[in-house]
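> could you look at this predicted model? Sequence included:
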Amino acid sequence: MKHKILFISSEAFPLIKTGGLADVAGSLPIALQDNDQDVCLLLPAYQSILEQIIETKVVAETSHYGLKINILETTLPGSSIKTWLIDCPQMFDRPGNPYMAEDGNPWRDNAERFALFSQAAVDIALNRCGLSWQPDVVHCNDWQSALIPALLKTFPHSPATIFTIHNLAYQGLFSSQTFFDLGLPDGLWGMYGVEFYGQFSFIKGGLVYSDRINTVSPTYAKEIQQVELGYGLDPLLSHRHLQLSGIINGIDTDVWNPQKDKYLRQNYNAKTLHKKTANKSALQKYLKLPEEANIPVIGMISRLVEQKGLQSILDAMPKLMNMPIQIIILGTGERNLEQDLLNWAKQFPDKLSINIGYNEALAHQIEAAADIYLMPSIFEPCGLNQLYSLRYGTLPLARNVGGLADTVIDCNDNTLKDNTANGFIVTEDSAEALVTTMIRAIETYQNQQTWQQLQLNAMTPDRSWQSSALQYIELYEKAIEDNRARF
């Protein structure tokens, strides 16, 4: 059945990206449209987005908090997805990161910014802006849009809502006074509303009031109902477990396609895997690493934060640097972790290349050049880089958490026999476990016949959004059914 879907996000690739949410918001709407859904994407009109968009037109106006808001219409680049931008210069016309100032701290008015974004989204969802289009489902993502389901539930006959958790660690917590300063409906306050231990929690708006909650892998949906990864919200999530599900993210198989990837020295596919090595030697040369074809290259593209297992990597460095490997890391994050990695690279310039920053071309080149992809995350809601790596025949070395547990199948006698093995699992967050798994991976690499079979196992499954999109459509139908039951 065809549904009208208002897909709301605080970022979407290629317009604005700080993490995996952008990749999802830039790909899932297209996959939904390909499956005959009527999708509109809603984003804040950040300065950086307006600088990229060639053509926009004002299609509606509204106002909140005494500020005029223009709703601009454009198209998501590379697609025909209608995209609306909430244009309020006082809130969004500022340079750099959409959430943080240059000093690395969150913008002081983030609550006001995303409350205004939410209020404007509600206007669109209720067809109060004269756009002659009202969604059947409003799909919100992460804390920046989590207030929308709460606000919509204060109106009779509002659209169905779905809230997707991409990372429960980011909750949008503010003082209780902020709630009242924003003039939000009194009925939303309280422990059964958006109050969280005396604070105002944006994310509870999505968790309490959405018709359906989902997250980006089945394992993570279970993990967030436990104390360890629930961040104090596990009792609420357990209470709503019947409305909670997990759907693995797909990837954009046009953007991430080793056969057509424009950033690669040599394109290849599962039938021409031998050509992959040309990318390895090209990257070694570019990064001034010894051009050695027979030692495994370990790649990592990541936020350099503790969640991604950086401390266990640093603790393992003395032993890793004694192994016959090269490690290439690309990313930004906590300054102390960046500096620790750079210090190790100074000591071992022939073994370790640390590249601080983000470079889309280099990210693709690392995926294609590496033999092993390093992803020892402490937790990982879904993870996208292991999916890119699998598609590129680069075998993940990853923790058995979240989406990693759902997509990386450890190499052992049984999984080798049934041709399901596609990587190497690190069983705990420790340097010892990481080193043990790395040794096992290096030993496996020495048997190139086995290694090539693992690569073929990795590259064969369909990693596109098609399967996930169908699961989301089914979820939308459940949300619509649940919402109707309220009336």
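Received the coordinates, thanks.
> check contacts around residue 398.
When contacts are counted by Cβ atoms under 8 Å, 6 or more residues apart in numbering, residue 398 is found next to 373, 375-377, 380, 383, 386, 404, 408, 423-426. The way it works is simple: take the backbone N, C-alpha and C, and place the C-beta from them, glycine included.
> SS state for it?
strand (DSSP: H, G, I helix; E, B strand; the rest coil).
> same thing with residue 42?
Assignment for residue 42 (three-state DSSP): strand.
> surely it touches residue 10?
No - using Cβ atoms under 8 Å, residue 42 makes no contact with residue 10, being 9.9 Å away.
> neighbour-wise, which of these two wins?
residue 42 (28 against 24; other Cβ atoms under 10 Å).
> and the nearest residue to that one once chain neighbours are set aside, backbone torsions?
Among residues not flanking residue 42 along the chain, residue 8 sits closest, at 4.6 Å (Cβ to Cβ, 6 or more residues apart in numbering). Residue 8 adopts backbone torsions of phi -110, psi 130, taken as degrees, to the nearest 10.
> so which elements touch the helix or strand where residue 72 lies?
Assigned by DSSP states H and E, residue 72 falls within strand 67-75. Secondary-structure packing of strand 67-75 (3 or more Cβ pairs under 8 Å, 6 or more residues apart in numbering; DSSP states H and E): strand 57-64, strand 82-87, helix 110-125.
> closest to residue 279 out of the ones you listed?
strand 82-87 (33.9 Å; Cβ to Cβ).
> ok, and what's touching the closest one?
The contact list for strand 82-87 (Cβ under 8 Å, 6+ apart) reads 12, 39-45, 49-50, 53, 56, 58-59, 69-76, 92, 116-117, 120-121, 124.
> the first helix or strand past that strand going along the chain: which residues count as buried?
Downstream of strand 82-87, the next assigned helix or strand under DSSP H and E is helix 89-92. Buried positions in helix 89-92, judged by neighbour count with 16 or more other Cβ atoms under 10 Å: 91, 92.
> again, but for stretch 347-357
Residues of stretch 347-357 classed as buried: 351, 352, 353, 354, 355 (neighbour count, 16+ other Cβ under 10 Å).
> then stretch 162-180?
For stretch 162-180, by 16+ other Cβ under 10 Å, it's 162-168, 170-174, 178-179.
> please apply the same query to stretch 186-196.
For stretch 186-196, the neighbour count (16+ other Cβ under 10 Å) marks 188, 193, 194, 195, 196 as buried.
> now do it: distance from first to last residue.
Taking Cα to Cα, to the nearest Å, stretch 186-196 runs 15 Å from one end to the other.
> start the count at 719, not 1, going forward
All set: I'll call the first residue 719, so the last point we hit is now stretch 904-914.
> pLDDT below threshold where in the stretch 1019-1168 of the chain?
Applying pLDDT under 70 to the stretch 1019-1168 of the chain flags no residue at all.
> look up phi and psi at residue 723.
phi -120, psi 120.
> and residue 1032, by the same measure?
Dihedral angles (degrees, to the nearest 10) for residue 1032: phi -60, psi -40.
> and it, what does it touch?
1055, 1058, 1059, 1062.
> other residues contacting the helix or strand encompassing the second one?
When you say that, I think you mean residue 1058. Per DSSP H and E: residue 1058 is located in helix 1053-1065. Residues from elsewhere that reach helix 1053-1065 (Cβ under 8 Å, 6+ apart): 1022-1024, 1028-1029, 1032, 1035, 1039, 1047, 1050, 1070-1072, 1074.
> do me a favour and get the end-to-end distance for stretch 1033-1051?
End to end - Cα to Cα - stretch 1033-1051 spans 18 Å.
> go ahead and confirm residue 1076 touches residue 1048.
Yes - between residue 1076 and residue 1048 there is a contact under Cβ under 8 Å: 7.2 Å.
> residue 1035 belongs to a helix?
Yes - if the criterion is three-state DSSP, then residue 1035 is within a helix.
> give me the domain ranges for this structure.
Taking automatic domain parsing as the criterion, the chain consists of the domains 722-968+1184-1202, 988-1177.
> a markdown table for the ones you listed, including distance to residue 980?
What follows is the domains of the chain, written out as a markdown table (distance: least, Cβ to Cβ, whole Å):
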| stretch | distance to residue 980 |
| --- | --- |
| domain 722-968+1184-1202 | 13 |
| domain 988-1177 | 8 |
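> nearest to residue 977, of these?
Among those, domain 988-1177 sits nearest to residue 977 (Cβ to Cβ), with 8.4 Å.
> quick one, phi psi at the closest residue to residue 1103 other than its chain neighbours?
Distances taken as Cβ to Cβ, 6+ apart put residue 1019 closest to residue 1103, at 5.7 Å, once the chain neighbours are dropped. Note on residue 1019: its backbone torsions stand at phi -130, psi 110 [degrees, to the nearest 10].
> kindly report the same for residue 1143.
According to degrees, to the nearest 10, residue 1143 has phi -100, psi 130.
> residues contacting it?
Taking Cβ under 8 Å, 6+ apart, one finds 1116, 1117, 1118, 1126, 1128, 1155 in contact with residue 1143.
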